[in-house]
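Undergrad: show me the folded form of this:
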Amino acid sequence: MPEPATKRYLQDDQPEGVPPLELTGERTLPDVPEENYWYRRHLAVYEWIAPQVAGMQVADLACGEGYGSDVLAQRAAGVIGVDANPDAHEHARLRYVRDNLRFQRDLVENVADLDVDLDAVVFLQTIEHIEDVPSLLGAITAAAPLAFISTPNRLTLAPEGAEKSDNPWHLREYLLQEYRAVLEGSFASVEILGLFHARKLAVHERAIALGWDHVHRALRITKPFYDRFTPAISAADFALRDEGEADLEKALDFVAVCRR
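TA: All right, here's what the predicted structure looks like:
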């Protein structure tokens with residue numbers, strides 16, 4: 001797939017009174033066609049978690065634009081979306097309005113101080129941004145008995161042999177066993193699943209292995225093809241698999257289910 005967009009993009013077609021967010025690379029956004037692959041890749045995990053937190057009180061840490069908190073709130077008893085960024089917070093609270101959903105502008109490290117008894121914490125695609133990971137994991141463990149924590153597989157982002165990709169927001173990226181070790185230092189039980197391409201993205205992946213990149217460049221159809229293909233990707237074009245179903249070391253992202 002093409003890399004995340006780097007030129008200036010704003011969200012399209014926002015509801016009246018909701019300020020659009022700019023795509024900076026720090027967080028993914030819906031309503032940006034060029035970013036749709038990355039948005040759906042994140043959304044697929046939120047949609048998988050949502051039924052597992054049905055009836056629970058949930059904190060969605062580093063919730064960004066707020067779309068994931070809204071997905072969780074469709075099943076959870078209550079959701080607090082927590083993010084320190086003022087623009088993201090303002091956008092989220094105006095765009096996603098439910099009786100059981102609220103947004104709080106705060107640091108994720110303050111999760112243990114939230115004014116609700118939490119059943120679960122959701123913390124997706126952000127641990128790689130955190131400097132003091134053990135301290136934050138300790139706070140999450142203290143705040144709730146259940147946590148869903150995801151991170152990208154370094155092998156899918158970084159050049160071969162590199163310690164991390166060139167994403168300036170990432171402080172550290174993990175291989176499978178590194179990720180497992182850091183989580184097991186804070187939780188009594190850690191189950192890791194892998195996110196993989198499915199349906200048309202799996203077909204696209206096979207086509208690349210057979211030389212599709214050379215074909216579309218030679219035919220000069222790269223932009224027209226991806227202008228159609230990328231916006232058509234859905235969350236169903238990703239699938240979560242456990243260790244019995246797939247080689248997790250080849251996963252796009254690692255999704256950990258952690259219990260204290």
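Undergrad: list the helices and strands the host helix or strand of residue 136 packs on?
TA: Of the helices and strands defined by DSSP states H and E, residue 136 is found in helix 133-143. On a contact count with 3 or more CB pairs under 8 Å, 6 or more residues apart in numbering; DSSP states H and E, helix 133-143 meets strand 120-124, strand 146-152, helix 176-184. For glycine as for every other residue, the C-beta is placed from the backbone atoms N, C-alpha and C.
Undergrad: quick one, which of those gets closest to residue 259.
TA: strand 146-152 (5.8 Å; CB to CB).
Undergrad: can you tell me what sits against the closest one?
TA: With contact meaning CB atoms under 8 Å, 6 or more residues apart in numbering, strand 146-152 is reached by 45, 49, 52-53, 56, 119-125, 127-128, 140-141, 173-174, 179, 183, 187, 195, 252-259.
Undergrad: what pairs with that strand, and is each one parallel or antiparallel?
TA: Strand 146-152 has its sheet partners listed here by DSSP bridges as strand 120-124 (parallel), strand 253-259 (antiparallel).
Undergrad: and the helices in the chain?
TA: Counting by DSSP state H, the chain has helices at residues 36-49, 67-73, 86-95, 133-143, 154-157, 176-184, 199-209, 212-218, 222-229.
Undergrad: tell me which of the ones you listed sits most buried.
TA: Most buried of the helices of the chain, by mean neighbour count (mean count of other CB atoms under 10 Å): helix 67-73, with a mean of 25.
Undergrad: still on that earlier bit, may I see the strands paired with strand 146-152 arranged in TSV, with mean pLDDT, distance to residue 99 and mean neighbour count as well?
TA: Output for the strands paired with strand 146-152, formatted as TSV (pLDDT from 0 to 100; distance: least, CB to CB, whole Å; neighbours: other CB atoms under 10 Å):
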stretch	mean pLDDT	distance to residue 99	mean neighbour count
strand 120-124	98	19	25
strand 253-259	98	28	21
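Undergrad: so, low pLDDT: which residues of the stretch 1-150 of the chain?
TA: Residues of the stretch 1-150 of the chain meeting the criterion pLDDT under 70: 1-7.
Undergrad: count the residues that sit near the residue lying closest to residue 56 once chain neighbours are set aside.
TA: Spatial nearest neighbour of residue 56, chain neighbours left out: residue 119 (3.7 Å); criterion: CB to CB, 6 or more residues apart in numbering. The local packing of residue 119 (other CB atoms under 10 Å) involves 17 other residues.
Undergrad: try residue 21
TA: Neighbour count for residue 21, taken as other CB under 10 Å: 25.
Undergrad: and residue 250, how far from residue 174?
TA: To residue 174, residue 250 is 14 Å away according to CB to CB, to the nearest Å.
Undergrad: residue 69 now?
TA: 25 Å.
Undergrad: same check on residue 167?
TA: Residue 167 sits 13 Å away from residue 174, going by CB to CB.
Undergrad: which of the two has more neighbours?
TA: The neighbour count for residue 167 versus residue 174, taken as other CB under 10 Å, is higher for residue 174 (21 against 17).
Undergrad: got a list of what the more buried one touches?
TA: Residue 174 touches 128, 151, 153-154, 182, 254, counting by CB under 8 Å, 6+ apart.
Undergrad: out of the helices and strands packed on helix 133-143, which gets nearest to residue 212?
TA: Between residue 212 and these, the tightest spacing by CB to CB is seen for strand 146-152, at 23.0 Å.
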